[in-house]
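Chemist: let's see this in three dimensions:
(one chain, ligands or ions: 1)
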Amino acid sequence: MENVRLRFAPSPTGPLHIGGARSALFNYILAKKYGGTFLVRMEDTDLERSSAASEENIKESLKWLGMDWDEGVDIGGDYGPYRQMERLDIYEEAVNKLLAEGKAYYCFCSEEELDKEREEQSARGETPKYGGKCREMTKEEQEARLARGEKPVVRFKVPEHEEVVIDDLVRGRVVFETDGIGDYIIVKSDGIPVYNFAVVLDDVTMKISHIIRGEEHLSNTPRQVLLYDALGYEKPQFAHISLILGKDRSKMSKRHGSTSVVAYREQGYLPEALVNFLALLGWSPEGEEEIFDMERLIADFTLERVSKSPAVFDLDKLKWLNGMYIRKTAPERLLEFALPHLINAGLVGEEPTEEEIAWAQMVTEALKNHISSFGELPLLIKEYQGQVVYGDGVLDELRELGDTAVTVMTAVLEKLEKMEAVTSESYKAMLKEIKKETGIGGKNLFHSVRIAKTGSTEGPDMDKLAVIMGRDRMLERGQAFLTFMKELS
Ligand code: GLU
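Modeler: Take a look at the predicted model:
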């Protein structure tokens with residue numbers, strides 16, 4: 001494919017949403033796949049809801065996810081500017097052309113009139129649409145009202161009894177009847193164009209080849225297609241990707257998990273895990289494999305394998321993926337992600353000392369197989385530093401171990417009393433000695449200690465956990481264990 005140009009065109013009215021990030025990703029991947037251009041522009045015509053902070057958040061989130069743009073806001077390019085509010089002259093020229101050709105007209109109807117019309121239509125059981133009152137207004141009347149300072153909107157004259165056919169790359173052939181569409185506003189009374197109009201001019205002048213966006217825009221597409229036709233422009237290819245639903249099949253909302261990219265960043269997710277997860281919201285790879293980094297996505301992704309049925313947002317799947325990526329991540333990068341969480345939890349200082357860094361590294365390595373996000377790391381550490389609980393799951397084994405476990409723990413306590421601090425090495429040496437002195441070894445020895453100290457038969461390396469708990473907590477847990485064993489027998 002040649003001249004492949006795709007875009008992400010968010011409205012900066014809030015943080016980058018999971019759904020927006022997925023649209024951006026699909027556009028990004030296809031641009032890269034075909035050696036094309038990925039551009040980012042801001043659709044900021046909603047003056048009340050747009051903000052610089054939202055724009056920053058969106059750009060930061062895109063960069064964090066690894067979607068740098070080749071052209072667009074901040075970096076410029078041949079088809080700028082890339083913010084709609086800086087492109088008003090482009091829209092004005094086009095609207096003047098439509099007005100001059102009689103394809104659009106001024107509408108002076110007041111809100112009250114329009115409300116009344118809608119109410120009456122609803123009462124008759126009709127779908128409300130603009131009845132076209134100002135369509136036939138004479139030039140003289142128009143000019144007189146404009147001269148009086150009235151501020152009309154501009155409406156597009158929708159052709160009657162026509163079909164608008166969209167050959168959507170995901171949904172196939174979709175047909176709309178123009179009779180269901182009333183003459184819609186393209187420029188508001190303050191002179192600012194509406195999305196459906198500005199987006200067409202942008203996509204045309206920026207030479208966009210493919211538009212991939214959420215299904216919620218499908219009903220906008222005939223309105224845009226009519227404008228392409230009226231202005232004599234060639235249309236890009238459209239692909240509308242399905243909605244994202246929660247597990248209960250209702251529209252994705254905060255109830256199903258955080259909805260903004262930044263929230264996942266803060267909770268300690270890796271960008272590559274989120275990218276992988278987003279790609280699977282709608283796209284399904286050919287084989288069983290589910291781990292796809294950006295490079296593999298670019299190689300394997302095709303729109304043919306994007307489903308038109310809704311994608312289900314499964315937070316457990318994201319956690320699983322994140323865990324997989326955490327396990328594959330190199331120690332230095334792991335530390336980079338873990339440290340802010342350890343600092344936030346007060347486990348290491350704001351400006352960690354060398355010793356704290358070494359501790360953080362050890363802890364992160366020791367616990368990485370047992371967390372699904374870095375946000376869980378301090379919680380897990382605090383769990384090990386808190387009270388131990390002996391649940392039903394270990395009671396049978398404890399009964400079986402019986403006196404053996406008591407002997408082992410009594411020996412551990414004796415030795416711990418004499419130690420100042422526990423290190424991984426001193427812990428291992430201690431167990432060796434106990435084995436020699438008591439003659440208890442293998443599973444009997446290791447399970448006794450592990451269950452006594454953690455209440456579980458499995459978990460992170462015990463020598464590392466010993467350091468995480470520290471000498472005092474080890475002592476307390478050991479004593480608690482002996483008391484518990486007395487009650488058990
Ligand atoms: N500004 C629109 C949105 O954020 C973009 C729609 C489009 O991609 O055409 O939903």
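
Chemist: phi first, then psi, for the closest residue to Leu98 other than its chain neighbours.
Modeler: Nearest residue to Leu98 in three dimensions, chain neighbours excluded: Ala104, at 3.8 Å (Cβ to Cβ, 6 or more residues apart in numbering). Every C-beta, even on glycine, is put in place using the N, C-alpha and C of the backbone. When read as degrees, to the nearest 10, the backbone of Ala104 gives phi -150, psi 160.

Chemist: quick check: Ala104 vs the ligand, distance?
Modeler: As judged by Cβ to the nearest ligand atom, to the nearest Å, Ala104 and the ligand stand 20 Å apart.

Chemist: and Asp46, by the same measure?
Modeler: 9 Å.

Chemist: what's the answer for Ala52, then?
Modeler: From Ala52 to the ligand the distance is 16 Å (Cβ to the nearest ligand atom).

Chemist: and that residue, what does it touch?
Modeler: Pro12 (Cβ atoms under 8 Å, 6 or more residues apart in numbering).

Chemist: quick check: pLDDT value at it.
Modeler: In this model, Ala52 is scored at 97, pLDDT.

Chemist: same question for the one 5 residues further on.
Modeler: Asn57 is assigned 98 on the pLDDT scale.

Chemist: in which helix or strand does it reside?
Modeler: helix 52-64 (DSSP states H and E).

Chemist: and that helix, how far from the chain's centre?
Modeler: 13 Å (Cα atoms, centre = their mean, to the nearest Å).

Chemist: pull out the buried residues from it.
Modeler: 54-55, 57-59, 61-62, 64 (16 or more other Cβ atoms under 10 Å).

Chemist: before we move on, the earlier item: the residue nearest to Leu98 pairs with what?
Modeler: Beta-bridge pairing of Ala104 under DSSP bridges involves Phe156.

Chemist: show residues contacting stretch 253-273.
Modeler: So stretch 253-273 is contacted by 14-18, 21, 57, 60-61, 64-66, 246-248, 252, 274, 293-294, 313, 315, 318, 321-322, 324-326, 329, 337-338, 341, 373-377 (Cβ under 8 Å, 6+ apart).

Chemist: ok, now with 7 Å
Modeler: The contact list for stretch 253-273 (Cβ atoms under 7 Å, 6 or more residues apart in numbering) reads 15-18, 21, 57, 61, 64-66, 246-247, 252, 274, 293, 313, 315, 318, 321-322, 325-326, 329, 337, 341, 373-375.

Chemist: what subset of these is buried?
Modeler: So, by 16+ other Cβ under 10 Å, the buried ones in the contacts of stretch 253-273 are 15-18, 21, 57, 61, 64-65, 246, 252, 274, 313, 318, 321-322, 325-326, 329, 337, 341, 373-375.

Chemist: out of the residues you listed, which are inside helices?
Modeler: 18, 21, 57, 61, 64, 274, 318, 321-322, 325-326, 337, 341 (DSSP state H).

Chemist: nearest to Asp89 among those?
Modeler: Asn57 (28.4 Å; Cβ to Cβ).

Chemist: how about the contacts made by the closest one?
Modeler: Asn57 sits in contact with 15-16, 262, where contact means Cβ under 7 Å, 6+ apart.

Chemist: thinking again about what came up before, how about the buried residues of helix 52-64 in CSV, adding distance to the ligand?
Modeler: Listed next are these as CSV, based on distance: Cβ to the nearest ligand atom, whole Å:
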residue, distance to the ligand
Ser54, 11
Glu55, 12
Asn57, 13
Ile58, 10
Lys59, 14
Ser61, 14
Leu62, 13
Trp64, 19
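
Chemist: closest to Met469 among these?
Modeler: Looking across the buried residues of helix 52-64 and measuring by Cβ to Cβ, the closest to Met469 is Trp64, at 34.6 Å.

Chemist: contact partners for that closest one?
Modeler: 265, 271.

Chemist: one more: Ser54?
Modeler: Here Ser54 is in contact with 12-15 (criterion: Cβ under 7 Å, 6+ apart).

Chemist: give me the number of residues near the residue nearest to Leu98?
Modeler: 24 (other Cβ atoms under 10 Å).

Chemist: one more: Asn96?
Modeler: Neighbour tally, Asn96, other Cβ under 10 Å: 12.

Chemist: mind checking how far it is from Glu420?
Modeler: According to Cβ to Cβ, to the nearest Å, Asn96 stands 84 Å off from Glu420.

Chemist: same check, this time on Val467
Modeler: 13 Å.

Chemist: the more surrounded of those two?
Modeler: Comparing Val467 with Glu420 by other Cβ under 10 Å, the one with more neighbours is Val467, at 21 against 6.

Chemist: I'd like the mean pLDDT over stretch 425-435, please.
Modeler: On average, stretch 425-435 scores 96.

Chemist: give me the buried positions along it.
Modeler: 426-427, 430-431, 434-435.

Chemist: tell me the one of these nearest Gly232?
Modeler: Tyr427 (78.4 Å).

Chemist: is the closest residue to that closest one other than its chain neighbours within a helix or a strand, and which one?
Modeler: Nearest non-adjacent residue to Tyr427, counting by Cβ to Cβ, 6+ apart: Ala466, 4.2 Å away. Using DSSP H and E, Ala466 falls within helix 462-488.
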